[in-house]
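A.B. asks: Predicted model and sequence follow; I will ask about them next.
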Amino acid sequence: MAHYLTLSAKNQFTFTCPTFNAETKMAACMALREAVWMGKTVDKRRGCQAAMNCGMCPAAAIVSRINYAKEAVSDDYGSIEPKKGKLHRNILERILNVIPRAKELERIGVSDAERELLMTTRPRIEAQLKSAPGDKAQFIEPRRVRETPISTRISMPRPKVDAAQDAINHAAATGDMAAAINASMAV
């Protein structure tokens, strides 16, 4: 399976979220999306959570595109170095016509300012569509990104065992208890 830098906590890619008209790190969006999908209660970014649940979040759309593709998807939203980028046309078009559900906004407890931004998202998406990269952009191969350092194994030296002890261990390991007892008596 491909490993996408887009989904990594080490991702340094930033973009302007059309829903909230704010520059954000893709890694922060992915971490929030992961928490929301696991059912965790997150007190911050309630508007983002509502957008995810209503299908208005570009990060959630990116994850869906990666998850449901029949082949590898270009890793367009990942960068090891700090990089500001743009959302592609297919992601923006996916969230363009979504209208937030009032019950969902109430359930999550979205502030009035966030509610207003959620209700007026369409013009911001249309503005980003004018300069959005299309699907013909250069393919970026997904690659393995090490999330946590792999500790080096320290092999313990094997203790030296004499022939008698080896015979006892072998007899005990094979279940021949009579041989193990007899071998231990011989020592």
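C.D. replies: Sure, I can see it. Residues are numbered from 1 along each chain as shown.
A.B. asks: Could you say which helix or strand holds Leu32?
C.D. replies: Element membership for Leu32, per DSSP states H and E: helix 26-37.
A.B. asks: Please enumerate the helices of this structure.
C.D. replies: For the chain, the helices defined by DSSP state H occupy 26-37, 46-54, 58-68, 89-96, 102-108, 112-119, 121-129, 163-174, 177-186.
A.B. asks: Can you give the distance of the helix holding Leu32 from its chain's centre?
C.D. replies: 7 Å (CA atoms, centre = their mean, to the nearest Å).
A.B. asks: average pLDDT across it?
C.D. replies: Averaging pLDDT along helix 26-37 yields 91.
A.B. asks: Could you do stretch 65-82 as well?
C.D. replies: 86.
A.B. asks: cool, stretch 122-134 as well?
C.D. replies: 91.
A.B. asks: For the protein, name the helix or strand with the lowest mean pLDDT.
C.D. replies: Lowest on mean pLDDT, DSSP states H and E among the helices and strands of the chain sits helix 177-186, with a mean of 66.
A.B. asks: For Pro18, find the nearest of the helices of the chain.
C.D. replies: helix 121-129 (4.4 Å; CB to CB). Where C-beta positions appear, they are placed from N, C-alpha and C, glycine not excepted.
A.B. asks: Tell me the gap between that closest one and the middle of its chain.
C.D. replies: 26 Å.
A.B. asks: That one packs against which elements?
C.D. replies: helix 89-96 (3 or more CB pairs under 8 Å, 6 or more residues apart in numbering; DSSP states H and E).
A.B. asks: The helix it packs on: which residues count as buried?
C.D. replies: By 16 or more other CB atoms under 10 Å, the buried positions in helix 89-96 come out as Arg89, Ile91, Leu92, Arg94, Ile95.
A.B. asks: Between those, which sits nearest Asp75?
C.D. replies: Nearest member of the buried residues of helix 89-96 to Asp75, counting by CB to CB, is Ile91, at 13.7 Å.
A.B. asks: Show me the contact partners of the helix holding Leu32.
C.D. replies: Applying CB atoms under 8 Å, 6 or more residues apart in numbering, the contact partners of helix 26-37 are 6-15, 17, 42, 45, 48-49, 52-53, 57-60, 63, 77-78.
A.B. asks: repeat that with 6 Å
C.D. replies: By CB atoms under 6 Å, 6 or more residues apart in numbering, the residues outside helix 26-37 that reach it are Leu7, Ala9, Asn11, Phe13, Val42, Arg45, Cys48, Gln49, Met52, Ala59, Ala60, Tyr77.
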